[in-house]
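*Asks:* structural data only, the sequence is not supplied:
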């Protein structure tokens, strides 16, 4: 899995490693993740000094995109990460529920 982190402010190597280690946990939910893009933005216009964290997950089928706005970049990232995990689980359940058994044959 390729991880890309873009930020308008300085992130130390330690912070980047923490973000990458959290993102690597996503592969336990979906082994087909090819790339994860993390974007941080400052000042969204509604909240001064706010940080927006966006996570774009590249997987086969519909891609997952989440966003979270907080006053601290780590809180914003953690919120977006939690939303990403929920969406992965939800998409997995939807795929599982879409399977129907008719006369002992799986149909999709």
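*Replies:* That came in fine, so what should we check first? All of these numbers come straight from a predicted model, not from anything done at the bench. Numbers count the residues shown, from 1 in each chain.

*Asks:* okay, and the most centrally placed residue in the chain sits in which element?
*Replies:* Closest residue to the average C-alpha location of the chain: residue 84 at 3.9 Å, with Cα atoms, centre = their mean. Secondary structure here is read from DSSP states H and E; on that basis residue 84 sits in helix 73-97.

*Asks:* run a quick neighbour tally on residue 46.
*Replies:* Residues near residue 46, counting by other Cβ atoms under 10 Å, number 8. Every C-beta, even on glycine, is put in place using the N, C-alpha and C of the backbone.

*Asks:* just the helices from the protein, written as ranges.
*Replies:* With DSSP state H applied, the chain shows helices at 13-24, 73-97, listed in chain order.

*Asks:* and the first one, how far from the chain's centre?
*Replies:* On the basis of Cα atoms, centre = their mean, to the nearest Å, helix 13-24 sits 13 Å off its chain's mean C-alpha point.

*Asks:* compute the inter-axis angle for it and helix 73-97.
*Replies:* Angle between the axes of helix 13-24 and helix 73-97 is 10 degrees (criterion: axes from the mean of the first three to the mean of the last three Cα atoms, to 10 degrees).

*Asks:* pull out the buried positions in helix 13-24.
*Replies:* Buried residues in helix 13-24, defined by neighbour count with 16 or more other Cβ atoms under 10 Å: 19, 23.

*Asks:* so what touches that helix?
*Replies:* Residues outside helix 13-24 that contact it (Cβ atoms under 8 Å, 6 or more residues apart in numbering): 1, 3, 5, 11, 36, 38, 55, 77, 81.
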